[in-house]
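**Q** Take this sequence and fold it.
(one chain, ligands or ions: 1)
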Amino acid sequence: MTTTVPHHLNLVDGEWVDGERRPNGNPARPGEVVSEYAVAGRDTARAAIEAARRAQPGWAGQPIGSRMDILDRIGTTILRRTEELAVLLSREEGKLLSEARGEVTRAGQTFRYYAHQLLQPQGEVYSSTRPRVHAEVRRRPLGVVGIITPWNYPIAIPAWKVAPALAYGNAVVLKPAELVTASAGELARIINESGMPPGVFNLVMGAGRVVGEELLTSTGIDGISFTGGTGTGSHVAQQCLAHGNKRFQLEMGGKNPLVVLDDADLEVAVRCALDGSFFSSGQRCTASSRLIVQAGIHDRFVEALAAAAGALRVGDPLDPLSELGPVVSPEQLSQNLDYVRIGRDEGATVVAGGTHRPDEGQFMRPTLFADARNDMRVAREEIFGPVACVISVDDLDEAISVAGDTEYGLSAGIVTTSLSAAERFKRDARSGIVSVNLPTAGTELHLPFGGTGASNHGPREQGGYARDFYSVPVTCYTGW
Ligand code: NDP
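**A** Here you go, the predicted model:
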């Protein structure tokens, strides 16, 4: 029996553009090809940028009713195809099917949310200090936006950038991570079949240093929205400044703290840590990788979390009994295992996991370090795997100080039954997102998302705040 492998092509000016085909594998089943994608070169990226430039004014000039209809149609189609897209996403990235369903649903809802955001006020009127002058602030689209996305949310991150970009009248060139081109390819198909005018949305797949670099250096691009590692983000920033002083927005790494105080409900604390540290194989920028635990509850917490982590069923993400899937690639697995060695060498104690499943697939057991200190590499560097370390502290003051002692500042959480401790933490935690008695990784599409320090640069993403990046305020004075 012959099976045909699905393939995805680049989308330029409404046309599908082929190129050298590369396979895209399944991290749970080495050797299984999920799909093939056509690799774009710099010339394809250039053609996409030119098409976007031509199409953008017409798109921005369309009545908002037609922009709304198209965005709503994209969202509705994604939601209708949730199961099929979730299976594809799970196979190419390794997320549990249940998590993939949640991600696809979020992507569909995001397009529908931005369709309706267009009905919100889009400007402000001021009283002028001068007689017979009308003062107002209008918004115009940024123009052509290059969008560069990572592999860990193959459809949700493209959606939360592409949807507001299109809603506010921009044209888009999307460059997804090479590891997850099937999800991006399906998203492009849905957008192309939604009635979107040719050239408004373009997809170019290929290596960041080739296709991504073309977006960064092209004068045809007005802004770059990037999510990925902090090192890549710095490079994006430098290139944007050096090539036309482009606007840029960077969402980068995290080393997120979850504080557990003595008065915490132990069950809630373990649930928050288990979810925040290990679900999605810890491959979330908002993962709780530092568990900062007060001395009085420390031993009970470590024992209960180690037992819960050890009991998680690691397996094929399509198997409904699995509770943790594989990590995304052999390179990621070996980096995670390197950090286990580094942590041990630094004097931390592995109390759960620390190994990978010795069979096929990139399966790593959830790994918990006790006896960690905040100056250890495992507590300072983003591992991006199912690895967390427990740091013991004496009181809330020390917990807040340790939580803030990091170059990152994306998400921070506290588990406590004290209202005043929770309020203090919300006030003093040095991060863009704060959770109380909830996992650090839970976010909602209509609220702003972003961090401080090395986690972020530029305006917030998501919710109504996304407008700040994708549109430019224009201050208008009219004499009459
Ligand atoms: P990378 O920084 O390696 O890659 C991100 C994207 O940038 C990919 O599409 C990549 O392309 C592209 N890229 C790489 N080099 C260049 C370049 N020279 N020019 C332009 N583009 C380039 O991150 P990962 O994909 O490995 O994702 C993991 C990282 O993302 C983690 O650090 C994580 O914390 C962060 N992240 C942050 C989030 C946030 O909102 N704060 C959310 C999710 C992840 P390719 O790989 O295809 O070559």
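**Q** At which residues are the helices of the stretch 1-150 of the chain located?
**A** Using DSSP state H, counting those that start in this stretch, the helices of the stretch 1-150 of the chain run over 42-61, 64-80, 82-93, 97-117.
**Q** residues in the protein within reach of the ligand, list them.
**A** For the chain, the residues found near the ligand under the criterion C-beta under 6 Å from any ligand atom are 148-152, 175, 177-178, 207-209, 212-213, 216, 227-229, 232, 235, 251-254, 285, 382, 384, 410, 455. From N, CA and C alone the C-beta is placed, and that goes for glycine too.
**Q** give me every residue that touches Asn170.
**A** Shown in contact with Asn170 (C-beta atoms under 8 Å, 6 or more residues apart in numbering): Gln56, Trp59, Ala60, Pro141, Leu142, Gly143, Val144, Val145, Tyr470.
**Q** on that earlier part again, CSV for the helices of the stretch 1-150 of the chain, including mean neighbour count and mean pLDDT?
**A** Below are the helices of the stretch 1-150 of the chain laid out as CSV (neighbours: other C-beta atoms under 10 Å; pLDDT from 0 to 100):
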stretch, mean neighbour count, mean pLDDT
helix 42-61, 19, 98
helix 64-80, 19, 97
helix 82-93, 22, 98
helix 97-117, 22, 98
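**Q** List the contacts of the helix or strand that contains Ile391.
**A** Using DSSP states H and E, Ile391 falls within strand 387-393. With contact meaning C-beta under 8 Å, 6+ apart, strand 387-393 is reached by 273, 277-278, 282, 287-295, 298, 301-302, 305, 336, 339-340, 343, 348, 353, 366-374, 376, 378-379, 399, 402.
**Q** Which ones among those residues lie within helices?
**A** Residues of these located in helices (DSSP state H): 273, 277-278, 295, 298, 301-302, 305, 336, 339-340, 343, 378-379, 399, 402.
**Q** if we can go back for a sec, now the buried members of the contacts of strand 387-393.
**A** Buried residues within those, counting neighbours by 16 or more other C-beta atoms under 10 Å: 273, 277-278, 282, 287-294, 298, 301-302, 305, 336, 339-340, 343, 348, 353, 366-372, 374, 376, 378-379, 399, 402.
**Q** first vs last residue of stretch 403-419, how far apart are they?
**A** 19 Å (C-alpha to C-alpha, to the nearest Å).
**Q** Return the backbone torsion pair for Ala307.
**A** phi -70, psi -40 (degrees, to the nearest 10).
**Q** so who does it touch?
**A** So Ala307 contacts Ala352 (C-beta under 8 Å, 6+ apart).
**Q** same question, Val268
**A** By C-beta under 8 Å, 6+ apart, the neighbours of Val268 are Val415, Asn437.
**Q** Relative to Asn152, how far out is it?
**A** Val268 sits 26 Å away from Asn152, going by C-beta to C-beta, to the nearest Å.
**Q** Repeat that for Arg42.
**A** For Arg42, the distance to Asn152 - C-beta to C-beta - is 26 Å.
**Q** My read is that His356 contacts Ser334, right?
**A** No. Using C-beta atoms under 8 Å, His356 makes no contact with Ser334, being 9.2 Å away.
**Q** Can you work out which residues contact both of the two?
**A** Common contact partners of His356 and Ser334 (C-beta under 8 Å, 6+ apart): none.
**Q** more crowded one of these two?
**A** His356 (20 against 13; other C-beta atoms under 10 Å).
**Q** And the pLDDT for the residue nearest to the more buried one when sequence neighbours are not counted?
**A** Spatial nearest neighbour of His356, excluding adjacent residues (C-beta to C-beta, 6 or more residues apart in numbering): Met364 at 4.6 Å. Met364 carries a pLDDT value of 96.
**Q** What count of nearby residues applies to Met364?
**A** Neighbour tally, Met364, other C-beta under 10 Å: 25.
**Q** Which secondary structure state is assigned to the residue positioned nearest the centre of the chain?
**A** Ranked by distance to the mean C-alpha position of the chain (C-alpha atoms, centre = their mean), the top residue is Ile157 at 4.9 Å. Judged by DSSP: H, G, I helix; E, B strand; the rest coil, the three-state class of Ile157 is helix.
**Q** Does it touch Ile148 like I think?
**A** No. Assessed by C-beta under 8 Å, Ile157 is found out of contact with Ile148, at 9.9 Å.
**Q** what is in contact with the two at once?
**A** Thr227.
**Q** ok so, going back, among the residues of the chain next to the ligand, name the buried ones.
**A** For the residues of the chain next to the ligand, a burial check counting by 16+ other C-beta under 10 Å picks out 148-152, 175, 177-178, 208, 212-213, 216, 227-228, 232, 235, 251-254, 285, 382, 384, 410, 455.
**Q** Show me the strands in the stretch 301-450 of the chain, by range?
**A** Remark: strands assigned in the stretch 301-450 of the chain by DSSP state E, counting those that start in this stretch are 349-352, 367-372, 387-393, 411-415, 433-436.
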